[in-house]
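Peer 1: make a model of this:
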Amino acid sequence: MEITNCLYKLPNDLTIIHNFDIMLNRRSLRIKGMQSIFAYHTAREADFNICKQEAQDNFLYDMDSMEDQDKEELAKDREQTGKAFEALIRKDADAIPEDSKPEIVKVINEQKNAYLNKLALNKDHFKKRLLSGITSIYDDYIKFLYLVIEIQELIAIEKRKKNNTHDNFAKNIVINKLKGFEALEEERIRKNVAWDTDLVRAWYKEYIKPQDFFIEYDNLAKATLEDDQQFVQTMYKTIIFKHDNINDYFEALDLGWSENKPILKSMVIKTAKSIETEESEPLLMELSKNWEEDLLFLKELYDLAIDQEEKYESLIEEKSKNWEIDRVALTDRIILEMAIGEMIHFTSIPVKVTINEYIELSKLYSTPKSKQFVNGLLDVLSVELQKDGQIKKSGRGLLDNK
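Peer 2: Sure thing, here's the model as predicted:
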């Protein structure tokens with residue numbers, strides 16, 4: 001499945017449906033934002049350890065050196081370097097201890113700069129990956145629509161070899177409407193969508209062809225549009241989006257498959273259902289009803305959780321009943337920081353909506369006790385931040401801070 005690096009914008013000439021439910025909702029965006037912020041924190045921890053180790057490695061005993069070396073002195077230098085580096089990065093020390101050796105000061109400053117550069121690069125990297133992962137859902141949607149066309153062609157080849165002229169698959173109205181849809185073909189070409197023929201052939205022979213619904217459809221004397229619809233939808237629902245081996249394949253390619261699958265399934269099935277008569281033209285779904293707004297929401301939410309981390313952690317620590325912030329599970333910290341940023345920054349989203357959404361995230365992705373912890377902390381913080389004037393809500397349906 002291809003991942004694009006550019007933001008997807010719908011071409012003006014595409015036929016887009018607007019009266020169905022939103023495919024990609026704000027909860028999906030919050031989940032994906034949380035996962036990317038978690039990845040950023042994980043990378044940050046790894047980079048910290050790497051830079052600390054590289055600073056300390058400057059004081060390793062060198063067996064090939066021709067100079068005299070004091071092993072005990074080098075060991076002390078390594079220990080001092082590690083402590084000073086950790087204090088400077090983790091504990092916000094103002095400076096390296098004045099009594100440090102010049103060579104220790106030098107390597108610590110070098111690794112500090114390297115670490116800070118990696119932080120900036122990681123923030124940008126995971127943000128780009130987040131956005132490309134979101135926009136690739138639409139690319140995969142186009143690709144999945146083409147899967148049934150690929151299967152139809154494999155069946156046709158098989159029937160020609162056996163001189164079997166009875167072919168309900170070749171006459172399937174739903175598949176043929178997709179096949180002849182110019183807007184879909186243009187998107188396929190623009191996105192360079194293509195399936196591995198050997199892979200599709202294996203899926204067809206092992207998972208689709210032996211199924212009762214396939215055999216029954218093949219044996220129909222004359223398939224109706226209703227039969228065509230039932231075949232296409234059953235194949236997607238019971239095989240493509242459900243078979244364990246096929247899902248394992250996609251999970252290996254896409255870490256976000258479990259969240260993306262229901263969105264893709266819904267979009268594909270709704271496009272198939274839009275072919276209601278022999279004269280119908282397929283309708284392409286859009287990822288979101290307010291794509292530009294949702295995209296801005298996601299980018300700002302990501303930036304806030306990272307850029308304002310120190311401020312939000314201070315708020316959390318104050319209200320965590322004397323718990324040090326390091327004792328709060330990383331997932332809980334990220335959920336809380338995202339929630340605080342959302343409550344303060346997004347003035348049109350009601351506080352209760354934000355709290356409820358992040359409680360749901362804690363239930364899905366954190367520890368068993370996280371729900372109560374997140375709920376209690378956000379309740380207290382929301383009241384205090386509204387009193388302080390940091391949370392100000394405005395917009396249709398909202399009254400002051402209510």
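Peer 1: mind listing the helices for the stretch 251-400 of the chain?
Peer 2: Counting by DSSP state H, counting those that start in this stretch, one finds helices in the stretch 251-400 of the chain at the ranges 257-273, 291-307, 309-318, 330-345, 351-365, 370-387.
Peer 1: His183 and Phe38, how far apart?
Peer 2: No, residue 183 isn't His; it's Ala. 37 Å (Cβ to Cβ, to the nearest Å). (Each C-beta comes from the backbone N, C-alpha and C, glycine too.)
Peer 1: show the contacting residues for Ala75.
Peer 2: Ala75 makes contact with Phe59 under the criterion Cβ atoms under 8 Å, 6 or more residues apart in numbering.
Peer 1: from the contact counts, what lies against the helix or strand in which Glu185 is found?
Peer 2: Glu185 belongs to helix 182-190 when assigned by DSSP states H and E. Packing contacts for helix 182-190, counted by 3 or more Cβ pairs under 8 Å, 6 or more residues apart in numbering; DSSP states H and E, involve helix 102-161.
Peer 1: got the domain boundaries for the protein?
Peer 2: Residue ranges of the domains in the chain are recorded as 136-273, 308-387, according to automatic domain parsing.
Peer 1: how long is the last one from one end to the other?
Peer 2: Same thing as domain 308-387. Length of domain 308-387, first residue to last, Cα to Cα, to the nearest Å: 20 Å.
Peer 1: swap in the longest one?
Peer 2: From the first residue to the last, domain 136-273 extends over 23 Å; the measure is Cα to Cα.
Peer 1: check the offset of it from the chain's centre.
Peer 2: Centroid separation between domain 136-273 and its chain, computed with Cα atoms, centre = their mean, to the nearest Å, is 25 Å.
Peer 1: average model confidence for it?
Peer 2: For domain 136-273, the mean per-residue pLDDT is 95.
Peer 1: can you check the shortest one too?
Peer 2: The average pLDDT within domain 308-387 is 91.
Peer 1: which one, of the domains of the chain, ends up nearest to Leu283?
Peer 2: When the domains of the chain are ranked by proximity to Leu283, the top entry is domain 136-273, at 6.2 Å, counting by Cβ to Cβ.
Peer 1: just checking, what packs against the helix or strand hosting Asp198?
Peer 2: With elements delineated by DSSP H and E, Asp198 resides in helix 197-203, which encompasses its position. Under the contact definition 3+ Cβ pairs under 8 Å, 6+ apart, helix 197-203 sits against helix 102-161.
Peer 1: got the angle for the helix it packs on vs helix 291-307?
Peer 2: Per axes from the mean of the first three to the mean of the last three Cα atoms, to 10 degrees, the angle that helix 102-161 makes with helix 291-307 is 150 degrees.
Peer 1: quick one: contacts of the following helix or strand past helix 102-161?
Peer 2: Helices and strands here follow DSSP H and E; after helix 102-161, the next one along the chain is helix 173-179. Outside of helix 173-179, the residues within contact range by Cβ under 8 Å, 6+ apart are 145-146, 148-149, 152, 169, 184, 225, 228-229, 232, 271-272, 275, 278, 280-282.
Peer 1: buried ones among those residues?
Peer 2: Among the contacts of helix 173-179, those classed as buried by neighbour count (16 or more other Cβ atoms under 10 Å) are 145-146, 148, 152, 169, 184, 228-229, 232, 271-272, 275, 282.
Peer 1: list the contacts for the nearest residue to Leu364 once chain neighbours are set aside?
Peer 2: Taking Cβ to Cβ, 6 or more residues apart in numbering as the measure, Leu364 lies nearest to Ile31, with 7.7 Å between them; neighbours along the chain are not counted. With contacts taken as Cβ under 8 Å, 6+ apart, Ile31 has the following neighbours: Glu259, Leu361, Leu364, Tyr365.
Peer 1: list the buried residues of stretch 161-168.
Peer 2: Buried residues in stretch 161-168, counted by 16+ other Cβ under 10 Å: Asp167, Asn168.
Peer 1: okay, the helices of the stretch 251-400 of the chain in TSV with distance to His243 next?
Peer 2: As requested, these are exported to TSV (distance: least, Cβ to Cβ, whole Å):
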stretch	distance to His243
helix 257-273	12
helix 291-307	31
helix 309-318	42
helix 330-345	31
helix 351-365	24
helix 370-387	33
